[in-house]
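[1] Need a 3D model of the following:
(4 chains)
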Protein chains: 2
Amino acid sequence: MSDAIIKPTAKELSLLHNYLCQALSETKRIQILYALYDQPQHVTALAKTLGFPQPTVSRHLRVLRQRSLVTTRRDGPAVIYSVGDERVIAVLEMMRSILHDHLAKQSDLLQSDFAADM
Amino acid sequence: MSDAIIKPTAKELSLLHNYLCQALSETKRIQILYALYDQPQHVTALAKTLGFPQPTVSRHLRVLRQRSLVTTRRDGPAVIYSVGDERVIAVLEMMRSILHDHLAKQSDLLQSDFAADM
DNA sequence: TCCATGTATTCGGATAAGCGAATATATCCT
DNA sequence: AGGATATATTCGCTTATCCGAATACATGGA
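    The predicted structure is shown next:
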């Protein structure tokens, strides 16, 4: 498993960072991705759903759009956004499970510390 | 598949962001993770491998350590760092494959644009 | 204990990224 | 064309984060 991975070059990592890591490095954008995964919708609806101002949502969507992480289709004057690549959600879900295990482990530590004090 | 995902709360996303996304939102830290995955090593060796100043590496390692993304063990005055959770590498590898498909698709587009011009 | 090696932290300055408010642009309908 | 709705962009400001240089801290051996 370990040796199946071809170590990426610095250049590739820079691309990876600019393309994906950067895009996911903002809570609001992650919220937007999950909201769109739950339900494709247009900008104003998204803004209302999340409680953010419309320009804020629009700016974040631009970042996601430039990286093809969301796709668009017009519906009259509105623009419906959807998740462009579901694997991005899979990535986020994997991160979530790592986070959950981490929190569980921390909670275990707290418990054993507590036990040790008794 | 789609309905198997429990939509995370804003609070959880904030945690996720602070814990993982934030940590991966920096090219040098990703380089460090891959270098440690390739070979656990101490700080100075890492700095030499990557060509970064030692304090820079140390600062980034602190960020990773605080999130348990790397683990440490002492070897005399040196501190050997290793990857703390290999799933983080899996996450990065998944991102890489998304990036590669994206680049391939872009390259296809360029090709068809080119063909259309002929 | 003192020195050598290795690691972590602090400081000031520079850069990048987000935000709110205002405004520009686009689409459709009459 | 002109107005209504919806979306995108720009501007100035604030905040967060990174970096290099200097320095403090930790460990083991003479």
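[2] Okay, strands next: where are they in chain A?
    For chain A, the strands defined by DSSP state E cover A:41-42, A:70-75, A:78-83.
[3] can you tell me if the first one touches DNA strand D.
    What that stands for is strand A:41-42. Yes - contact of strand A:41-42 with DNA strand D (C-beta under 7 Å from any atom of the strand) involves residue A:42. To be clear about C-beta, it is placed using only N, CA and C from the backbone, and glycine gets the same treatment.
[4] hang on, the earlier thing: now the strands of chain A in TSV, with mean pLDDT and mean neighbour count?
    Converted to TSV, the strands of chain A look like this (pLDDT from 0 to 100; neighbours: other C-beta atoms under 10 Å in any protein chain shown):
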stretch	mean pLDDT	mean neighbour count
strand A:41-42	98	18
strand A:70-75	96	14
strand A:78-83	98	17
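[5] Just send those strands back as JSON lines, with distance to residue B:65 too.
    Converted to JSON lines, these look like this (distance: least, C-beta to C-beta, whole Å):
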{"stretch": "strand A:41-42", "distance to residue B:65": "40"}
{"stretch": "strand A:70-75", "distance to residue B:65": "34"}
{"stretch": "strand A:78-83", "distance to residue B:65": "33"}
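[6] Can you say which of the ones you listed is nearest to residue A:98?
    Of all these, strand A:78-83 sits nearest to residue A:98, with 20.9 Å by C-beta to C-beta.
[7] anything in the closest one near DNA strand D?
    Yes - with C-beta under 7 Å from any atom of the strand as the criterion, DNA strand D is reached by strand A:78-83 at A:78, A:79.
[8] What strands flank that strand, and is each parallel or antiparallel?
    Strand A:78-83 pairs in its sheet with strand A:41-42 (antiparallel), strand A:70-75 (antiparallel), by DSSP bridges.
[9] contacts for the last one?
    So that's strand A:70-75. With contacts defined as C-beta atoms under 8 Å, 6 or more residues apart in numbering or on different chains, strand A:70-75 is touched by A:32-33, A:36, A:42, A:61, A:64-65, A:79-84.
[10] what's the answer for stretch A:39-52, then?
    Taking C-beta under 8 Å, 6+ apart as the rule, stretch A:39-52 contacts A:28, A:31-32, A:35-36, A:53-54, A:56-58, A:61, A:75, A:78-83.
[11] From the contacts of strand A:70-75, pick the one nearest residue B:16.
    Among the contacts of strand A:70-75, residue A:33 lies closest to residue B:16 (C-beta to C-beta), at 11.7 Å.
[12] Please list all residues in contact with residue A:15.
    Contacts of residue A:15 (C-beta under 8 Å, 6+ apart): B:99, B:103.
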